[in-house]
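Q: Following is a predicted model, sequence given first.
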Amino acid sequence: MIHLAHKNQAMKTFTIGLLIMVLFQIRSYSQTVGISYVRSIEAKSLTHDQNKTKIFQIRSEIPELERLWRLKIQKVKDEISALIKERDALIADMKVGARCSQCNGWKSDFEKKGENFEKHLGDVKGYAIPATTSELETTRKQFAEKIAIKKVQLQNLEKGDEAMLRKLKEIEELEKANVKICRDMTELSKGYEESVLADGKSKHDLWTKDLLHYATNILIADDKITIFKDQVIRYEKEFQKEGEKVRELVKKENQLAVDQKNNAIATNEQQINTITETKNKYIATNDIELKKLHQLKVEIERELSKSLPDSTKSIQTSNQKQVIEKIAVLEKSNKDYTLEAESKIVALKNIILKLKGDIFQLNTNLPKVQELAILKIKPSFDQKKSAARESENAAVLTLASAKKLYLEKANEYKRKNDAFTSEITTESNRMLIAGQKINCPIWNQVRGMVVTNWNQVFPCVNNLTTMAKPYSTNVFNAYCSGKSLASYMSIYKSFLMGLGQEDREAIKANSNAAWYEQLTM
């Protein structure tokens, strides 16, 4: 039965070992850096199990060894008892003379051989003689030495059977070895956790660095959209501002033309006044002379109406003719002067009328002229706005592409992290199975720590694509730090520093203030 139990235990150990090997072969295509710890733990677990099997086997042998050991003890005790009995019998014989005079054989010796001592004496014609004191002491001493030797043997046996002690020592050493194996397995599992966690953090750092590159592309593309949108608005404002300048300049030029024409009207009106005044003065002077001439004419006609001598009448008639001629000359002169003055005044009034018409047209056409002047500068601004809109459209496409690439990369690294944590689970389970099989404590926290680390660093990167805008109040958390983020900050800061002041202001207006200050400090 003991042999059969040992055989079953050995078969169980072999089966478990084979199963572990098969599982290892199946999973060998995907392993963490801690696989050597897993293999060591499994190997130690197997060794621990083999040690337990050996202990079981040895313990199964101990009862028989103990039985044999006790038989040895009893044999020596029996031998001591026999020696004491033999000594006592011999001493008794020696004291009463129970020794053959012929052969010196003792009665007890013959009895041991089954012979009759008295018959022997008769056969050899001997007689019984007693032992001397010296012989008694010698015999006692001989038996004492024999008994002492046996007692020493008994004491040595009672200390323990050498074969059984070797087996117990072997069990003790195997049990100590198993305790050390268990301790080593715990330490190895701790080493596995430290190694895998460090590797996990290294992977996460590498992945987040790459993701930060894609996230930076998203932010830059998004900021470019903001910049180009702002440029369109800015160009429109510049156009409006420049348009106002053009409008004001045209208005000033128009007013200058109106003022010039008003000045011309005033000049012409002054000329008309001057011509009129001059004409009036001229006619007034002539009218005084005419009045005098008409009075003289009347006087001459009155004289001629009188009866005058012919000579006097002839003189008066000649005088009358001269006066009439002078009156005619003056009246013609007045008429001609008036006609000439009026002609000039009409011409000047026509000029004034035309100037007023021009002023009316200038005032009426001012808005149209202003718009025509603005239209001349509009193409330049339209071209700038069109270029900005085209750049914005290109940035929109770039943003969509950057988001798509980021999402693909993010999903890729999520899958890699899932595969990584899945492998950790598999390897951790292997270690747990190896530990549970021999009741050994195994560290089993690394998967949670790796998942926690990923759940801290990935959202930090992911949030950078959305949380740097005005609708966010918390851009960076406690985990958003380190070389990866510093690299991102450096790249993005370089992008910002390469922009003009107006473009940076546009981004600042569309970004979280604290976040922007961090980048531009």
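A: Nice, I can see it.
Q: Name the secondary structure element that contains Lys190.
A: Element membership of Lys190 [criterion: DSSP states H and E] is helix 162-305.
Q: Name the next helix or strand downstream of that helix, please.
A: Downstream of helix 162-305 (by DSSP H and E), the next one is helix 310-437.
Q: so what does that following helix touch, helix or strand wise?
A: Using 3 or more C-beta pairs under 8 Å, 6 or more residues apart in numbering; DSSP states H and E, the elements in contact with helix 310-437 are helix 2-27, helix 35-96, helix 162-305, helix 446-464. Yep, even glycine has a C-beta here, placed from its N, CA and C like the rest.
Q: if you set the cut-off to 7 Å instead, what comes out?
A: Counting contacts by 3 or more C-beta pairs under 7 Å, 6 or more residues apart in numbering; DSSP states H and E, helix 310-437 is packed against helix 35-96, helix 162-305, helix 446-464.
Q: In JSON lines: these, plus distance to Lys113, mean pLDDT and mean neighbour count.
A: What follows is the helices and strands packed on helix 310-437, written out as JSON lines (distance: least, C-beta to C-beta, whole Å; pLDDT from 0 to 100; neighbours: other C-beta atoms under 10 Å):
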{"stretch": "helix 35-96", "distance to Lys113": "13", "mean pLDDT": "89", "mean neighbour count": "16"}
{"stretch": "helix 162-305", "distance to Lys113": "36", "mean pLDDT": "92", "mean neighbour count": "16"}
{"stretch": "helix 446-464", "distance to Lys113": "84", "mean pLDDT": "89", "mean neighbour count": "18"}
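Q: one step back: let me know the angle separating the helix holding Lys190 from helix 446-464.
A: 10 degrees (axes from the mean of the first three to the mean of the last three C-alpha atoms, to 10 degrees).
Q: Against which helices or strands is helix 162-305 packed?
A: With contacts defined as 3+ C-beta pairs under 7 Å, 6+ apart, the packing partners of helix 162-305 are helix 35-96, helix 310-437, helix 446-464, helix 483-497, helix 501-509.
Q: out of those, which comes closest to Glu193?
A: helix 446-464 (4.0 Å; C-beta to C-beta).
Q: Show residues contacting the closest one.
A: Identification of contacts with helix 446-464 by C-beta atoms under 7 Å, 6 or more residues apart in numbering yields 193, 196-197, 200-201, 204, 208, 211-212, 215, 219, 410, 417, 421, 424-425, 428, 477, 479-480.
Q: sorry, back to before: as JSON lines, the helices and strands packed on helix 310-437 with distance to Thr398 would be great.
A: Converted to JSON lines, those look like this (distance: least, C-beta to C-beta, whole Å):
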{"stretch": "helix 35-96", "distance to Thr398": "43"}
{"stretch": "helix 162-305", "distance to Thr398": "4"}
{"stretch": "helix 446-464", "distance to Thr398": "17"}
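Q: closest one to Lys125 among these?
A: That would be helix 35-96 among the helices and strands packed on helix 310-437, by C-beta to C-beta, at 20.2 Å.
Q: So which elements touch the closest one?
A: Applying 3+ C-beta pairs under 7 Å, 6+ apart, we find helix 35-96 packed against helix 2-27, helix 107-113, helix 133-159, helix 162-305, helix 310-437.
Q: go with 10 Å
A: Other helices and strands packing on helix 35-96, by 3 or more C-beta pairs under 10 Å, 6 or more residues apart in numbering; DSSP states H and E, are helix 2-27, helix 107-113, strand 128-129, helix 133-159, helix 162-305, helix 310-437.
Q: Pull out the buried residues from stretch 395-407.
A: With burial defined by 16 or more other C-beta atoms under 10 Å, the residues of stretch 395-407 counted as buried are Ala395, Thr398, Leu399, Ala402, Lys403, Tyr406.
Q: rewinding a little: quick one, which of the helices and strands packed on helix 35-96 is nearest to Gly34?
A: Closest to Gly34 of these is helix 162-305 (C-beta to C-beta; 4.0 Å).
Q: report the angle between the axes of the closest one and helix 501-509?
A: Using the same axes, to 10 degrees: helix 162-305 against helix 501-509 is 120 degrees.
Q: where's helix 162-305 relative to the chain centroid, distance-wise?
A: Relative to the chain's own centre, helix 162-305 is displaced by 34 Å; criterion: C-alpha atoms, centre = their mean, to the nearest Å.
Q: ditto for stretch 82-92
A: 99 Å.
Q: next one: stretch 93-106
A: 112 Å.
Q: CA atoms of it as PDB?
A: The C-alpha coordinates for stretch 93-106 follow below in PDB (Å, rounded to 0.1, in the frame of the first residue of the first chain):
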ATOM      1  CA  ASP A  93      28.600 -22.900  40.300                       C
ATOM      2  CA  MET A  94      32.100 -21.700  41.000                       C
ATOM      3  CA  LYS A  95      31.200 -21.000  44.600                       C
ATOM      4  CA  VAL A  96      29.700 -24.500  45.200                       C
ATOM      5  CA  GLY A  97      32.400 -26.400  43.300                       C
ATOM      6  CA  ALA A  98      30.700 -27.100  40.100                       C
ATOM      7  CA  ARG A  99      33.900 -27.500  38.000                       C
ATOM      8  CA  CYS A 100      35.300 -30.800  36.600                       C
ATOM      9  CA  SER A 101      38.700 -31.700  38.000                       C
ATOM     10  CA  GLN A 102      39.600 -33.300  34.800                       C
ATOM     11  CA  CYS A 103      38.600 -30.800  32.000                       C
ATOM     12  CA  ASN A 104      38.000 -27.700  34.100                       C
ATOM     13  CA  GLY A 105      34.500 -27.400  32.500                       C
ATOM     14  CA  TRP A 106      31.800 -25.700  34.500                       C
END
